[in-house]
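1. Need coordinates for the following:
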Amino acid sequence: MKYITIFTAIILITSHYVAHAYTMQSPNYQIESDSINTGGIDVSTSTNYSLKDTIGEVATGNATSTSYNLYAGYRQMDETSISISGGAPVNLTPSIGGVTGGTATGSTAFTIITDSPAGYTLSIKADTDPSLKSGSYNFSDYTPASAGTPDYSWLISTSDSEFGFSSEGTDIPQKFKDNGSACNTGSGNIVDKCWYGLSVSDESVASSASSNHPSGTETIVKFQAESGSSHIQEEGEYTASITATAVTN
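-> Next comes the predicted model:
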């Protein structure tokens, strides 16, 4: 009996963030920056503009290193921050029979924390096309029945082999929500439903429109590979390299 070893779907994490520093803080508050000046008006407005000004600052300007970005000067530290954690490598199990076929699954979790008032977006993309490969052999990226809409239930032809993913969590986009029988409709998030295919373009798997600092929000991404019972898949260690990116909105 010939078996395929589905070895590892490697999740490579890329994050875009601005580090925050606080001049004063306690369990109840954080002061991002302070300034001692003379003159100026904190906020001047008219029907055409809004101006925040000051007079007499010293030691202003920008400074950077591998560990921080410093924007010295009145209001310069009015920045947003974002962090991404998790995304451990995924072992798809069990091994799939090259002749008999079968299904292998695994999952990884990402936690995003941002103080951006507009929230964040978490996206994933494959580094190769198709995603899951072993040398010159591969699994096709999952193709849903309706282009652009995830399949509520995983379904492939018995003569094919495919690899795809689903997204679960409180911040998943509408595309991955369901009404109990179909995806991209309703407000549900039933586990192991709404399957979609990876590509070399970013696909949003979580998004919010407000700050979630300091607790953050977790999103689980599940991966699945299947070789149909009438499909012959070459033996090998199949891997997928996937990049996750979190940005502020």
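
2. Just list whatever residues bridge to the residue nearest to residue 236 when sequence neighbours are not counted.
-> Once flanking residues are discounted, residue 236 sits nearest to residue 134: 3.2 Å by CB to CB, 6 or more residues apart in numbering. Quick note: C-beta positions are derived from backbone N, CA and C, even for glycine. When assigned by DSSP bridges, residue 134 has beta-bridge partners residue 137.

3. Now for the most centrally placed residue in the chain: which residues touch it?
-> Nearest to the geometric centre of the chain sits residue 122, at 2.9 Å (CA atoms, centre = their mean). Residue 122 is in contact with 84, 110, 112, 171, 204-207, 219, 244-246, counting by CB atoms under 8 Å, 6 or more residues apart in numbering.

4. Now render these as JSON lines, adding distance to residue 142.
-> Shown next, in JSON lines, are the contacts of residue 122 (distance: CB to CB, whole Å):
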{"residue": "84", "distance to residue 142": "24"}
{"residue": "110", "distance to residue 142": "20"}
{"residue": "112", "distance to residue 142": "24"}
{"residue": "171", "distance to residue 142": "22"}
{"residue": "204", "distance to residue 142": "17"}
{"residue": "205", "distance to residue 142": "14"}
{"residue": "206", "distance to residue 142": "19"}
{"residue": "207", "distance to residue 142": "21"}
{"residue": "219", "distance to residue 142": "19"}
{"residue": "244", "distance to residue 142": "18"}
{"residue": "245", "distance to residue 142": "21"}
{"residue": "246", "distance to residue 142": "23"}
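
5. And this protein, what are its domain boundaries?
-> Using automatic domain parsing, the domains assigned to the chain come out as 3-18+82-248, 24-72.

6. contacting residues around residue 222?
-> Counting by CB under 8 Å, 6+ apart, residue 222 has contacts 105-107, 165-168, 192.

7. so where's this protein shaky on pLDDT?
-> Along the chain, the model assigns pLDDT under 70 to residues 1-44, 50-59, 67-71, 73-79.

8. So which residues of it form helices?
-> Assigned helices in the chain: none (criterion: DSSP state H).

9. I'd like the distance between residue 165 and residue 113.
-> According to CB to CB, to the nearest Å, residue 165 stands 23 Å off from residue 113.

10. sorry, back to before: what's across from the residue nearest to the centre of the chain in the sheet?
-> Residues in beta-bridge contact with residue 122 (DSSP bridges): residue 206, residue 246.

11. Let me know how buried the closest residue to residue 129 other than its chain neighbours is, in neighbour terms.
-> What sits nearest to residue 129 in space, not counting adjacent residues and going by CB to CB, 6+ apart, is residue 200, at 5.2 Å. By other CB atoms under 10 Å, the residues close to residue 200 number 13.

12. For residue 200, which residues are in contact?
-> 125-129.

13. Now it. Its backbone dihedrals?
-> phi -80, psi 10 (degrees, to the nearest 10).

14. I'd guessed residue 242 sits against residue 126; true?
-> Yes: counting by CB atoms under 8 Å, residue 242 does reach residue 126; the two are 5.6 Å apart.

15. Give me the common contacts of these two.
-> residue 198.

16. Is residue 107 bridged to anything, and to what?
-> residue 222.
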